[in-house]
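Asks: Need coordinates for the below:
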Amino acid sequence: MNGRFKINFRYTSHKYILIIFSLLIKNNVIGNIFLNMKLIRKEASFEDGIINYYDKGTGPAIIFLHGYLESSEVWFDFMDSFPTTFRTLAIDLPGHGKSGIFGDEHSMEFMAEAVRKVMDNEGIEKGMITGHSMGGYVALAFLGKYPSRLHAYCLFHSHPFADTEEIIENRKREIKVVESGKKDVIYPVNVPRMFADFNTGIFEKELERHKEIASNISESGIIAVLKGMIKRPSRLLLLEKSEVPLLFILGRHDNYIPFEQIKEGLTLPPGSELVVLEKSGHLGFIEEKEKSTEAIINYFERLINN
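Replies: Numbers count the residues shown, from 1 in each chain. Modelled structure (predicted):
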């Protein structure tokens, strides 16, 4: 009697499991689960060209913007560390990756419009923009134009200040080098400096991948953003007076952004947070991936759950 009961119980259990599984397949629930785990390439029409981007997961949206001499690809591994209960998108800014080039100058405001276009294309009314280096300049331009569309934003190894005269001259020299057909002498010097000096040997594979990404950016794309960065204004007042919360991530050993100078040079608005990556240079999403992921997830969750 007990044996027959056990057999029937097992049979009944398996039967119900099969029925539930069939219903999940029929309603495409399982397909959607796997789809949400996959990075999907998409395009948005913009001006007379396209903006290329990648989309993954569902839920509150975090939009990643890359920096100078980068593309959306720099975010792929980092995005994999986010649960699919977050929607993560990585955009190729104009002139980078597979996105179009739209003239001889791409201002930060122009690139912010490209970000808005992607959000509109995906029906994202509000999200968190995370901008690395130049991507942070674009995030600030977006903040100035569309603050109501931001839950928050993250400056990841970035800052709100205009270029100094020294930096402007350096950018102008880079423009001349690129115009002379010698683009390939720039990134072998610039890319290694993105890592903390003591990390270049640790992240050799990632360093070479960054060089490869930089090598694929066209001359006209590089020149267009260099011109745009030269002309960008200071957005310090915007940052300090804005009511949009800010997550500010700095690397203690950044070779491009003077840590103490940036840290002491601004006042964060209410609800904002400063995170210091003690073992990072300019690429904390690689050099301290887990700490960076945790900082962004925890900060965003606190905001949307309040």
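
Asks: L155: neighbour count?
Replies: Residues near L155, counting by other CB atoms under 10 Å, number 27. Where C-beta positions appear, they are placed from N, C-alpha and C, glycine not excepted.

Asks: How about the secondary structure of it?
Replies: Secondary structure state of L155, per DSSP: H, G, I helix; E, B strand; the rest coil, is strand.

Asks: I figured it hits P245, correct?
Replies: No - counting by CB atoms under 8 Å, L155 sits too far from P245 to count as a contact (11.8 Å).

Asks: And the pLDDT at L39?
Replies: pLDDT, L39: 94.

Asks: quick one: contacts for it?
Replies: Y54, D55, K56, F76, M79 (CB atoms under 8 Å, 6 or more residues apart in numbering).

Asks: The same query, at a cut-off of 10 Å, please.
Replies: Taking CB atoms under 10 Å, 6 or more residues apart in numbering as the criterion, L39 is in contact with Y54, D55, K56, G57, S72, W75, F76, M79, D80, T88, L89, A90.

Asks: Mind listing the shared neighbours of L155 and P245?
Replies: What both L155 and P245 touch, as defined by CB under 10 Å, 6+ apart, is the set S272.

Asks: among the contacts of L39, which ones are buried?
Replies: Buried members of the contacts of L39, scored by 16 or more other CB atoms under 10 Å, are Y54, D55, K56, G57, S72, W75, M79, T88, L89, A90.

Asks: mind listing which of those are in helices?
Replies: When DSSP state H is applied, those are split such that M79 fall in helices.

Asks: Going by distance to H159, which of the buried ones among the contacts of L39 wins?
Replies: Among those, W75 lies closest to H159 (CB to CB), at 19.9 Å.

Asks: could you measure the residue nearest in space to the middle of the chain against T130, distance?
Replies: Nearest residue to the geometric centre of the chain (CA atoms, centre = their mean): F64, 2.1 Å. According to CB to CB, to the nearest Å, F64 stands 5 Å off from T130.

Asks: and for the two, which residues touch both?
Replies: Counting by CB under 10 Å, 6+ apart, the residues touching both F64 and T130 are W75, F78, T88, A90, C154, F156, F285, I296.

Asks: From the residues you listed, pick the one nearest G123.
Replies: T88 (15.7 Å).

Asks: Tell me how far the closest one lies from E290.
Replies: 16 Å.

Asks: How many residues are close by the residue lying closest to Y53 once chain neighbours are set aside?
Replies: Take Y53 and drop its neighbours on the chain: the residue closest to it by CB to CB, 6 or more residues apart in numbering is I91, 4.4 Å away. I91 is flanked by 31 other residues according to other CB under 10 Å.

Asks: Show me the strands in this protein, by range?
Replies: 40-46, 49-56, 61-65, 87-91, 127-132, 150-156, 246-251, 273-277 (DSSP state E).

Asks: Redo these as CSV? Include distance to S180.
Replies: Formatted as CSV, those follow (distance: least, CB to CB, whole Å):
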stretch, distance to S180
strand 40-46, 30
strand 49-56, 27
strand 61-65, 29
strand 87-91, 30
strand 127-132, 28
strand 150-156, 32
strand 246-251, 32
strand 273-277, 36
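
Asks: Among the ones you listed, which comes closest to A224?
Replies: That would be strand 49-56 among those, by CB to CB, at 12.6 Å.

Asks: Kindly state the domain boundaries assigned to the protein.
Replies: 1-37, 41-305 (automatic domain parsing).

Asks: Please work out how many residues are found near A61.
Replies: 22.

Asks: What distance do you get for the residue nearest to F142 when sequence neighbours are not counted to S220?
Replies: Take F142 and drop its neighbours on the chain: the residue closest to it by CB to CB, 6+ apart is A112, 4.1 Å away. A112 sits 20 Å away from S220, taking CB to CB as the criterion.
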